[in-house]
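# coords please:
(chains A, B, C, D, E and F)
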Protein chains: 4
Amino acid sequence: MKRRPAATANTVNGASDKHQRILDAAIEVIAEHGFFHSRVSEIADRAGVADGTIYLYFKNKDELLMAAIDSAFHRFIARAKTALAEINDPREKLRRMAFLHLDGLGSKRNLAVVFQTELRHSLKFLGHFSHNLLVEYFDLIKGVLREGQEAGVFRADLSVTMAAHCFFGSLDEIVTTWILTDRERDREHHLSTFTDSIVSIVLKGVEAEA
Amino acid sequence: MKRRPAATANTVNGASDKHQRILDAAIEVIAEHGFFHSRVSEIADRAGVADGTIYLYFKNKDELLMAAIDSAFHRFIARAKTALAEINDPREKLRRMAFLHLDGLGSKRNLAVVFQTELRHSLKFLGHFSHNLLVEYFDLIKGVLREGQEAGVFRADLSVTMAAHCFFGSLDEIVTTWILTDRERDREHHLSTFTDSIVSIVLKGVEAEA
Amino acid sequence: MKRRPAATANTVNGASDKHQRILDAAIEVIAEHGFFHSRVSEIADRAGVADGTIYLYFKNKDELLMAAIDSAFHRFIARAKTALAEINDPREKLRRMAFLHLDGLGSKRNLAVVFQTELRHSLKFLGHFSHNLLVEYFDLIKGVLREGQEAGVFRADLSVTMAAHCFFGSLDEIVTTWILTDRERDREHHLSTFTDSIVSIVLKGVEAEA
Amino acid sequence: MKRRPAATANTVNGASDKHQRILDAAIEVIAEHGFFHSRVSEIADRAGVADGTIYLYFKNKDELLMAAIDSAFHRFIARAKTALAEINDPREKLRRMAFLHLDGLGSKRNLAVVFQTELRHSLKFLGHFSHNLLVEYFDLIKGVLREGQEAGVFRADLSVTMAAHCFFGSLDEIVTTWILTDRERDREHHLSTFTDSIVSIVLKGVEAEA
DNA sequence: GATGAATGAGGCTTCATTCAT
DNA sequence: CATGAATGAAGCCTCATTCAT
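Modelled structure (predicted):
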């Protein structure tokens, strides 16, 4: 493609992957100003490239912002998948997912802000790529729940889908609240601290009677 | 001297409450286009007033949109409060709140769209009124949970705040998924249908051992 | 149409017809800079309106420029039609048309510049309205030629269309040359001065043998 | 030190005359998009060279486009000159010029489009080289007309300049109309078909009485 | 109170041109 | 000589807001 360098061109020699630098800058700017108040020129600035360079890598502003969110989401999910592969006990898997969710977002506030305030936006108003990723994440959760049911450790009488909503919704809600908390000090409570409280409730909700 | 008409001026002679008509139009338009893509002129159109008239009732676009969301949120909460007053059993209260939440949003799709896609936005980027309302809603939930703990029907070992997050988060998540579902047919499942599934999980999660 | 004042709104009370003022300014600017180097902001300036006002009257830059050319062309043709109505002799009609063509453009250099340098452009690359007007002008010429053939004063053996091309082409060529002549003095020869020379040739070319 | 390769450098070993390939590509692109909408990168594409290479052969975009038009115009005139040298009768010369004009453009539609829609533009807004070529073409015509007057076969009472305008203008007008005609079928009438009709009129207009 | 024509600041995007390789 | 990724200036257009009627 003339006038469009391959997205992965410089990835190998790690040197100056503008593509990635632009994506990172975009996440930063979106976190600060929100989707629709993010200016292309500011993203270019932070990525250390000229305004026009953005358009060598992305068709337009919306595609850039979408790509930034998608890309971050993608890496978020990939990490979860890898981590789960090493665990067997469904209850432990669930606990681990909760921890990864809270820790992953808790350690990257910008990313968390974007996920909690802009992701739904992009789902409703922009594109469909993110939607597939969300489905993938849900499938991951549902898979664990199903395993648990088959292993007899999770209640067989409840809808896996509903349980997944409860699990994800609870985590999501905690993160949102954390994001909206302005007080620096409160944030230091490291989001992942809440893992046990949440898991304690949801797990008991889904566990089969002893 | 331009004066801003009292918000309730025409409410009495129900005839032409432009204030409310503008707020309703705003919710509609936000639901369709999102917060930052909503044009003042379109809101004016739908409310059947001139562009300039908007500014007799609201200071600027952001205040109008905030007011629209706040007003809708306010009515949403007021209904919940009223309904709860008639119930005693904490478990029944929780079940009732879940139903009201799902039914209230399930029967006004526009409102639901705004709540699920724009409310966080406004919480993070705009003002603080909605934030207070959200706190109020959470307090309502927490109040019920605390009552339950005192009555010995809810586990005493868990954080009321965390439990509230799980409860609200689960409901919120269901609504979001419903919103993002394009298929007309699926929507007909009336959101409130899911009440029992959700409550079954969360309630068991928070209930004290029999 | 909301947000679009009727094009003829103020025409009656002659006062401040912005629509026309913008069109006139556009012709001026196009004559100076050419179609694609005309800036909307400069047209707005000369018309004494804000940049945004242009867009209350025209959909976009191209539509404005096209409208300017079309409008001028339209008035040019209307004048020719009126004048011809008073004349009977086909030869005299032809002579009159030549004079009007040369005098009309010779007295409005800006208009002439636009017609000779931009009209073909707009015919090929932009829209189709001008094309219809050009056809109309040709029909006017052809009508005169046909009358002359029927009256026996013009050669019956030649294609009216070809003759019309010769007549129009000759005039058009003279105007173009005049336009491209930079020397002020030469221009003072009043374009219409050439009427007789041209008519002498073309008329003899089309006249029936005595 | 970047050096500009001699325009004829590679012409000898006919192999890779980039200079000419760029000029040809330019004519193509201008014909399609018009002068100001032609992109350097598209011309480079079609010439099969990199964008930057253009600047090894031409100072800037305008010079390239001008050169393309000039070069094509030059070859057009050269052919006419050569052909005329073989003919003696002024009337026959005129007829021959008309044929060459119509046939030359009729067989290269792209070239014709550029001549009819962009040449005036470049004359008015760009440079002066083409202007000299146009003068040369006119001198060619005027020379023939003067010969004819001296030989007593053309009217002595008319301005050679005016007659030249009529001759050129008539041909030019036919070509323009042909260009603007979209219908493939009509074009197949081979522009040169019109030679006799045109010559019949103009020649009679300029011929001396028998 | 109500109107809606007018305003003009601000941002996305294009594309001619450069220069390190 | 040739490349093509990168640059950054420049301009069209939108739309929140004002104010004369």
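
# can you tell me the centre-most residue of chain A?
Relative to the mean C-alpha position of chain A, the nearest C-alpha, by Cα atoms, centre = their mean, is the one of A:Phe73, at 4.1 Å.

# what's the longest helix seen in chain A in contact with?
Looking across chain A with DSSP state H, the single longest helix is helix A:61-84. Contact partners of helix A:61-84, identified using Cβ atoms under 8 Å, 6 or more residues apart in numbering or on different chains, comprise A:22-24, A:26-27, A:30, A:35, A:38, A:40, A:43, A:54, A:57-58, A:93, A:96-97, A:100-101, A:104, A:111, A:114-115, A:118-119, A:122, A:126-127, A:129-130, A:133-134, A:136-137, A:140, A:144. Bear in mind the C-beta positions are built from the backbone N, C-alpha and C, glycine included.

# which of those fall in helices?
Per DSSP H, the contacts of helix A:61-84 map to helices at A:22-24, A:26-27, A:30, A:40, A:43, A:54, A:57, A:93, A:96-97, A:100-101, A:104, A:111, A:114-115, A:119, A:129-130, A:133-134, A:136-137, A:140, A:144.

# buried among those residues? Need that as a selection in PyMOL.
Those of the ones in helices among the contacts of helix A:61-84 that count as buried under 16 or more other Cβ atoms under 10 Å in any protein chain shown are selected in PyMOL with:
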select buried, chain A and resi 22+23+24+26+27+30+40+43+54+57+93+96+97+100+101+104+111+114+115+119+129+130+133+134+137+140+144
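
# which of the ones in helices among the contacts of helix A:61-84 are close to DNA strand F?
Among these, not one lies near DNA strand F by Cβ under 7 Å from any atom of the strand.

# state the pLDDT value of the closest residue in space to A:Arg155 that isn't next to it in sequence.
Closest residue to A:Arg155 apart from its sequence neighbours, by Cβ to Cβ, 6 or more residues apart in numbering or on different chains: A:Ala208 at 5.1 Å. A:Ala208 carries a pLDDT value of 79.

# residues near A:Ala208, how many?
13 (other Cβ atoms under 10 Å in any protein chain shown).

# distance of it relative to A:Gln149?
Distance from A:Ala208 to A:Gln149, counting by Cβ to Cβ, to the nearest Å: 8 Å.

# next one: A:Val199
A:Val199 is 17 Å from A:Gln149, by Cβ to Cβ.

# tell me which parts of chain A are close to chain C?
Residues of chain A lying close to chain C (Cβ under 8 Å from any Cβ of the partner chain): none.

# measure the residue in chain A that chain C sits nearest to to C:Arg91 for me?
Using Cβ to the nearest Cβ, the single residue of chain A nearest to chain C is A:Asn60, 18.7 Å away. Computed as Cβ to Cβ, the A:Asn60 to C:Arg91 distance reads 62 Å.

# which one's more surrounded, these two?
For A:Asn60 and C:Arg91, the more surrounded residue by other Cβ under 10 Å is C:Arg91, and the numbers stand at 17 against 10.

# got a pLDDT number for that one?
Predicted confidence (pLDDT) for C:Arg91: 93.

# show me where pLDDT drops low in chain A?
Applying pLDDT under 70 to chain A flags residues A:1-16, A:127, A:182-188, A:210.

# let's see it at 50
A:1-4, A:6-15 (pLDDT under 50).

# contact partners of stretch A:115-122?
Contacts for stretch A:115-122 (Cβ under 8 Å, 6+ apart): A:30, A:34-35, A:65-66, A:69, A:72-73, A:76, A:105, A:130, A:134, A:172, A:175-176, A:179, B:34, B:116-118, B:120-121, B:123-125, B:176, B:180.

# what about A:Asp51, distance to DNA strand F?
5 Å (Cβ to the nearest atom of the strand, to the nearest Å).

# for that residue, grab the count of nearby residues.
13.

# out of everything not next to it in sequence, what's closest to it?
A:Ala44 (4.7 Å).

# next: A:His165.
B:Glu173 (4.6 Å).

# identify the residues contacting the residue of chain A found nearest DNA strand F.
Ranked by Cβ to the nearest atom of the strand, the top residue of chain A for proximity to DNA strand F is A:Gly52, at 1.7 Å. For A:Gly52, the contact set (Cβ under 8 Å, 6+ apart) is empty.

# chain center to the helix or strand harbouring it: distance?
Here A:Gly52, judged by DSSP states H and E, is contained in helix A:51-57. Centroid separation for helix A:51-57 versus its chain: 26 Å, with Cα atoms, centre = their mean, to the nearest Å.

# can you tell if it touches DNA strand E?
Yes. Figure legend: helix A:51-57 in contact with DNA strand E (Cβ under 7 Å from any atom of the strand); contacting residues A:Asp51, A:Gly52, A:Ile54, A:Tyr55.

# just checking, the third one touches A:Ala44?
This means A:Ile54. Yes. The pair A:Ile54 and A:Ala44 passes the contact test of Cβ atoms under 8 Å, sitting 5.4 Å apart.

# shared neighbours, the two?
A:Ile22.

# next one: phi and psi at A:Lys108?
phi -130, psi 80 (degrees, to the nearest 10).

# can you count the residues close to it?
16.

# thinking again about what came up before, does the longest helix of chain A reach DNA strand E?
Yes. Using Cβ under 7 Å from any atom of the strand, helix A:61-84 reaches DNA strand E at A:Lys61, A:Asp62.

# give me the buried positions along that helix.
A:61, A:64-73, A:76-77, A:80, A:84.

# so which of those residues comes closest to C:Lys204?
Nearest to C:Lys204 among the buried residues of helix A:61-84 is A:Lys61, at 65.8 Å by Cβ to Cβ.

# distance of the residue nearest to A:Arg155 relative to chain D?
According to Cβ to the nearest Cβ, to the nearest Å, A:Ala208 stands 66 Å off from chain D.

# ok, that residue touching A:Gly152?
Yes. A:Ala208 is within contact range of A:Gly152, at 6.1 Å (criterion: Cβ under 8 Å).
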